[in-house]
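Enquirer: below is the sequence, then the predicted model.
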Protein chains: 2
Amino acid sequence: MIQEGTPVREILRRWAEHIGRRVMINGWVRTRRDSKAGISFVEVNDGSCLKNLQVIVDHGRDRFQEILQSLTTGASVSITGVVRRSPAKGQPVEVEAESISIVGSCDPASYPLQKKRHSFEFLREIAHLRPRTNTIGAVMRVRNSVSYAVHRFFQERGFYYIHTPIITTSDCEGAGEVFRVTAQQDPEFFGRPTYLTVSGQLQAEVYALALGKVYTFGPTFRAENSQTRRHLSEFWMIEPEMAFADLENDLALAQDFLHHVVSSVMSECDEELQFFSKFFDEKLLERLQTVAERPFEVVTYTEAISLLKKSGENFTYPAEWGCDLQAEHERYLTERVFNGPVAVIHFPRDIKPFYMKVNDDGRTVAAMDVLVAGVGEIIGGSEREYRYELLLEQMKLKGMNPEAYEWYLDLRKYGSVPHAGFGLGLERLIQFLTGVPNIRETIPFPRVPGYAFA
Amino acid sequence: MIQEGTPVREILRRWAEHIGRRVMINGWVRTRRDSKAGISFVEVNDGSCLKNLQVIVDHGRDRFQEILQSLTTGASVSITGVVRRSPAKGQPVEVEAESISIVGSCDPASYPLQKKRHSFEFLREIAHLRPRTNTIGAVMRVRNSVSYAVHRFFQERGFYYIHTPIITTSDCEGAGEVFRVTAQQDPEFFGRPTYLTVSGQLQAEVYALALGKVYTFGPTFRAENSQTRRHLSEFWMIEPEMAFADLENDLALAQDFLHHVVSSVMSECDEELQFFSKFFDEKLLERLQTVAERPFEVVTYTEAISLLKKSGENFTYPAEWGCDLQAEHERYLTERVFNGPVAVIHFPRDIKPFYMKVNDDGRTVAAMDVLVAGVGEIIGGSEREYRYELLLEQMKLKGMNPEAYEWYLDLRKYGSVPHAGFGLGLERLIQFLTGVPNIRETIPFPRVPGYAFA
């Protein structure tokens, strides 16, 4: 059995109680600096946190002189030593090495990750090594923290976690930009055409109408051929669904959810957020604070269009009642008009999917889009059409075949109830939380048109 | 805004403090029984727990007589009333209805879910209604409880949750039984052939060698054409991976993991487990208790084969050194020889995948299979081959193309460390926890050859 090292996170967070203690650390060399005084400073990172632990290597000790040239960037080491107060700035403690074992060497001539800064484009070409960089490591710790906060939020509120299917026979948004799934040996494996899911909502509704409150958290897919900094072909979605709920309940849930998640990450990933704030967006923390605390401003779509029209702004797409809100409109509303999170509600029926509840005016639906600074839309949700006749009418209006959705219509036939839910893309949320410019840096192995590593 | 009801779970669990209180419950009628004394007994379920809440409807009150015929199985209702001590057996309290609103009716003539017992085969044909049954509802609450316990276990131990890709370019097990993924509009969407993942392990290794300890929890796929009670084409896997760990660390982790998960479910889903014990397997609780507490017995594969050989059992597949363990062997070892969980270690190199660490004997690998009663293998893991030359040799021996796995080999080139992990199929675990005969009842929407609902 290999002895577990003390995580660097532990040593740095509770440094005072570690002073004078002998510790073993297992990790990777980030850098080494040799002084003329016969001492080397080795920065070791073990992945448990952003910061490195500085190890002091006295050349006169043990056989350190011999192994010195193996202590190169990327080498894995197991080091035992005593924790001392550090005279250096920016770190409370350091470790005075007593024994060092090189576990796996790393040839400096061929190792692609050298000390210098690398472009994100280059790092994507070495997606198997990029988690060893500060930025990707920090993003993935934030991703972990968000993911767990999502589960805690719903579990504490009595929602059941449901795994909706990945391979599906229906296309929720009706967009047609779906991936086809086939077995290599047998094209008719499932006896009917199958696709990768674009949303777990329809199936989550099945479970909400049995268990009351449920949520999904799983991968979804779009075969859209767009190369932007906001799109992925494979991404993770969170989709709560509640029985006995309307749009107002939905709004309240979305607000509590964002408050909880943003404030959890702020308290758990302080170090990472400081890092992002320094390198990507100096206003990051301020922006997060606003979303962590502020109640949503709520405006109807009709009001929003009127605000945009009288803004005097020169939008690329002029705002007109009946058109979808563009990113430029969304950002104007949240960043300029309200300076905080905004929920736009009651969109025109024609630009929204078939499953949304038609309002009494007959021309809008009980939908909501939640907008935040920097990203635009972060949450999209609605009350669902729970009246059989109206749902059927909507499906026909949108040119769908009701027979293919008989099971979905059945939910309105047998003990139907008002119900509502929303969807949130995990990667958009991480982009919002970290400020990384391209969404490809928010997921371990991004999938986009023309690119799939590993 | 719709007023949230008090969950039935709350009322039944803390019944004493609810007596005399006025509550609102939102749920679905399970059954109604009319007495000659002018009173009806309506069983209401809201999905929050297995048990129903009994509602007393006095025909003389309000306009109850009129709505009585709408209170049929499956109808959704919102009921306000006062909690009273119940004179009936098997329930501490009941609710005396003061007002009843039928939210959505349910036509008894066409509703497929009547009070009688339905076969699981029939229920799969109405997969959108089956979560409203006791069994499927209970299984899904267990599934929720396991899933959250998995996250708690790893998070409390400093493991980071990693989302490995679903669409992948590599085939971890080399089995070839994979689903192909193509975009409808553009067959060369990613510029290379892509598949649905069979395991996130290889990519999890990338992250373990950067962040130290990680785990995945996501869907995996097999295009295997087998119709058994133990196979699904789409299932969820949990795969932890630790840097600086060998097979012994891996075994210790697996044992702690099973103890934690099984005992969490036993304390959170007591009602459900009682139900399963009553209807599927009277020895269920005893079996779970054993796995929740008992340390693993550890035997080498070689010892296991010798135990099987001298067992005197008439196996369908005779046990010989070099053959894979069959379900009959696994169950004999865990149920008959050790009467508790067993870890079999050090399997022949030839029957295990390329990535497992070759032992010093040159003919076995540092693998482990954990066996439990009723199910057989529940966890499979190994120490990974972390030595570049030996991994390359293994790949060549198995007829693989090393160029396609250059990124994986790189992990052994740059700061390699001993590392280990395991995989556990969520649905097998749920089968073990609930005793349901067919794995198709353990997942909301099962996918198997010839069948994909919704």
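Expert: Done, it's in.
Enquirer: what is the burial count for the residue lying closest to residue A:317 once chain neighbours are set aside?
Expert: Spatially, and ignoring its direct neighbours in sequence, residue A:317 is nearest to residue A:326 (4.8 Å; CB to CB, 6 or more residues apart in numbering or on different chains). All C-beta spots, glycine's among them, are computed from the backbone N, C-alpha and C. Look at residue A:326: counted by other CB atoms under 10 Å in any protein chain shown, it has 16 neighbours.
Enquirer: OK, contacts around residue A:326?
Expert: Contact partners of residue A:326, counting by CB atoms under 8 Å, 6 or more residues apart in numbering or on different chains, are A:315, A:316, A:317.
Enquirer: now do residue A:142
Expert: A:265, A:269, A:272, A:273, A:430, A:433, A:434.
Enquirer: sitting in strands, which of these do you find?
Expert: Counting by DSSP state E, the contacts of residue A:142 place none of their members in strands.
Enquirer: of the residues you listed, closest to residue A:50?
Expert: Comparing the contacts of residue A:142 against residue A:50 with CB to CB places residue A:272 closest, at 5.8 Å.
Enquirer: verify the contact between that closest one and residue A:144 for me.
Expert: No: using CB atoms under 8 Å, residue A:272 is not in contact with residue A:144; the gap is 10.5 Å.
Enquirer: need the overlap of contacts for those two.
Expert: With CB under 8 Å, 6+ apart applied, the contact sets of residue A:272 and residue A:144 do not overlap.
Enquirer: before we move on, the earlier item: can you redo the contacts of residue A:142 as a markdown table with pLDDT?
Expert: Output for those, formatted as a markdown table (pLDDT from 0 to 100):
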| residue | pLDDT |
| --- | --- |
| A:265 | 98 |
| A:269 | 98 |
| A:272 | 98 |
| A:273 | 98 |
| A:430 | 98 |
| A:433 | 98 |
| A:434 | 98 |
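Enquirer: dump these into a markdown table; add distance to chain B and neighbour count as well.
Expert: Shown next, in a markdown table, are the contacts of residue A:142 (distance: CB to the nearest CB, whole Å; neighbours: other CB atoms under 10 Å in any protein chain shown):
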| residue | distance to chain B | neighbour count |
| --- | --- | --- |
| A:265 | 14 | 26 |
| A:269 | 12 | 24 |
| A:272 | 12 | 23 |
| A:273 | 17 | 21 |
| A:430 | 11 | 24 |
| A:433 | 15 | 27 |
| A:434 | 15 | 28 |
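Enquirer: relative to residue A:306, which of those residues is nearest.
Expert: residue A:433 (31.9 Å).
Enquirer: low-confidence stretches in chain A?
Expert: A:171-176 (pLDDT under 70).
Enquirer: what residue spans form the domains of it?
Expert: A:8-111, A:130-452 (automatic domain parsing).
Enquirer: got the phi and psi for residue A:285?
Expert: Backbone geometry at residue A:285, expressed as degrees, to the nearest 10, gives phi -60, psi -40.
Enquirer: over to the one 4 residues further on?
Expert: In terms of degrees, to the nearest 10, the main-chain angles of residue A:289 are phi -60, psi -40.
Enquirer: spit out the contact partners of it.
Expert: Residue A:289 neighbours (CB under 8 Å, 6+ apart): residue A:266.
Enquirer: and what of residue A:139?
Expert: Counting by CB under 8 Å, 6+ apart, residue A:139 touches A:272, A:430, A:434, A:436, A:441, A:442.
Enquirer: hmm, back to that, buried deepest among the domains of chain A, which one?
Expert: domain A:130-452 (a mean of 20; mean count of other CB atoms under 10 Å in any protein chain shown).
Enquirer: can you get me the start-to-end distance on that one?
Expert: 15 Å (CA to CA, to the nearest Å).
Enquirer: residue A:146 versus residue A:375, what's the distance?
Expert: For residue A:375, the distance to residue A:146 (CB to CB, to the nearest Å) stands at 14 Å.
Enquirer: what would the domains of chain A look like in a markdown table with distance to residue B:42?
Expert: Formatted as a markdown table, these follow (distance: least, CB to CB, whole Å):
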| stretch | distance to residue B:42 |
| --- | --- |
| domain A:8-111 | 55 |
| domain A:130-452 | 13 |
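Enquirer: helix/strand/coil for residue A:350?
Expert: Under the three-state scheme (DSSP: H, G, I helix; E, B strand; the rest coil), residue A:350 adopts helix.
Enquirer: in contact with it, which residues?
Expert: Going by CB under 8 Å, 6+ apart, residue A:350 touches residue A:322.
Enquirer: kindly provide the distance from it to residue A:250.
Expert: 21 Å.
Enquirer: ok, residue A:91 next?
Expert: In terms of CB to CB, residue A:91 sits 47 Å off from residue A:250.
Enquirer: same question for residue A:202.
Expert: With CB to CB as the criterion, residue A:202 and residue A:250 are 17 Å apart.
Enquirer: ok, residue A:37 next?
Expert: 65 Å.
Enquirer: just want the residue of the stretch 301-450 of chain A that's nearest chain B.
Expert: residue A:416 (3.5 Å; CB to the nearest CB).
Enquirer: kindly indicate whether that residue is helix, strand or coil.
Expert: Three-state call for residue A:416 (three-state DSSP): coil.
Enquirer: can you pull the contacts of it?
Expert: Counting by CB under 8 Å, 6+ apart, residue A:416 makes contact with A:209, A:386, A:387, A:388, B:76, B:103, B:104.
Enquirer: name all residues that make contact with the second one.
Expert: Applying CB under 8 Å, 6+ apart, we find residue A:386 in contact with A:357, A:412, A:416, A:417, A:418, A:419, B:104.
Enquirer: farthest pair in these?
Expert: Farthest apart among the contacts of residue A:386 by CB to CB are A:357 and B:104. That separation is 14.0 Å.
Enquirer: surely residue A:242 and residue A:418 touch.
Expert: No: Residue A:242 lies out of contact with residue A:418 (CB under 8 Å); the separation is 9.4 Å.
Enquirer: where do the strands sit along the stretch 151-300 of chain A?
Expert: For the stretch 151-300 of chain A, applying DSSP state E, counting those that start in this stretch gives strands covering A:160-161, A:167-168, A:179-183, A:194-196, A:213-221, A:234-243, A:297-300.
Enquirer: hmm, I was thinking of the stretch 1-150 of chain A
Expert: Using DSSP E, counting those that start in this stretch, strands in the stretch 1-150 of chain A cover A:22-34, A:39-45, A:53-58, A:76-85, A:93-104.
Enquirer: with the stretch 351-454 of chain A instead?
Expert: Under DSSP E, counting those that start in this stretch, the stretch 351-454 of chain A gives strands at A:364-372, A:376-383, A:419-425, A:447-448, A:451-452.
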